[in-house]
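Participant: based on what follows, work out the 3D shape:
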Amino acid sequence: MASFYGGYDQAALRRVSRIRISWLSVAIVVAAIVLIVFVAADAYAYENRPAEVKVSSVGWYAEGYLLTSEAGFTVHPSQLVEFPLTCSSLCLPWVGASVNAPFELVSFSVAYHMVQYTNVTVRAPGSAYDGPLSITLIVE
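Facilitator: Here you go, the predicted model:
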């Protein structure tokens with residue numbers, strides 16, 4: 001054998017050194033992977049959250065005057081919301097109603113008993129919205 005090979009002839013006789021991986025290193029790698037998966041899932045859920053319709057206030061109007069106002073609320077897009085209005089004295093005969101865009105008026109009804117009950121059903125916009133809702137009652 002030639003000596004210039006530097007011992008390559010005995011390479012098969014050497015022991016292969018084992019790579020030692022500690023349990024702590026494995027635990028750290030697994031924890032890092034789990035953390036990355038959770039962060040990615042949270043980011044995906046945040047980006048794909050459903051749109052919300054946030055109504056800041058509800059104003060009831062008749063002939064240009066504010067009759068009353070109510071606090072706001074939050075609903076899902078295209079959800080139906082019913083608004084009742086009661087009147088016990090000096091009530092006007094309502095014949096219809098309208099709502100501001102992008103809301104859609106679905107139904108209007110008036111019941112005359114000892115107290116006048118007016119119910120307006122509105123469909124929320126199909127996409128995200130943040131602002132007021134104006135309901136205008138039409139007088140006979």
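
Participant: make it CA atoms for all contacts and neighbour counts henceforth
Facilitator: Will do.

Participant: ok, D42 to P77 distance?
Facilitator: 23 Å (C-alpha to C-alpha, to the nearest Å).

Participant: how about low-confidence regions in this protein?
Facilitator: 1-14, 16-17 (pLDDT under 70).

Participant: domain parsing for it?
Facilitator: Here the domain assignment for the chain is 3-47, 53-139, based on automatic domain parsing.

Participant: columns mean neighbour count on top of those, output as CSV?
Facilitator: Listed next are these as CSV, based on neighbours: other C-alpha atoms under 10 Å:
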stretch, mean neighbour count
domain 3-47, 10
domain 53-139, 15
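
Participant: who are the contact partners of V95?
Facilitator: 137-140 (C-alpha atoms under 8 Å, 6 or more residues apart in numbering).

Participant: chain center to the host helix or strand of it: distance?
Facilitator: Element membership for V95 (DSSP states H and E) is strand 94-99. With C-alpha atoms, centre = their mean, to the nearest Å as the basis, strand 94-99 stands 30 Å off its chain's centre.

Participant: what's the first helix or strand after that strand?
Facilitator: strand 104-112.

Participant: elements contacting that following strand?
Facilitator: Applying 3 or more C-alpha pairs under 8 Å, 6 or more residues apart in numbering; DSSP states H and E, one finds that strand 104-112 contacts strand 94-99, strand 116-123.

Participant: strands paired with it, and their directions?
Facilitator: Using DSSP bridges, the strands paired with strand 104-112 are strand 116-123 (antiparallel).

Participant: tell me how far the partner strand is from the chain's mean position?
Facilitator: 26 Å.

Participant: CA atoms only for it, dumped as CSV, please.
Facilitator: C-alpha atoms of strand 116-123 as CSV (Å, rounded to 0.1, in the frame of the first residue of the first chain):
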residue,chain,number,x,y,z
GLN,A,116,-99.0,53.0,18.9
TYR,A,117,-96.4,50.3,18.0
THR,A,118,-94.2,50.9,15.0
ASN,A,119,-91.9,48.1,13.9
VAL,A,120,-89.2,48.5,11.2
THR,A,121,-87.1,45.6,10.0
VAL,A,122,-83.8,46.4,8.4
ARG,A,123,-81.3,44.2,6.6
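
Participant: that'll do, ta.
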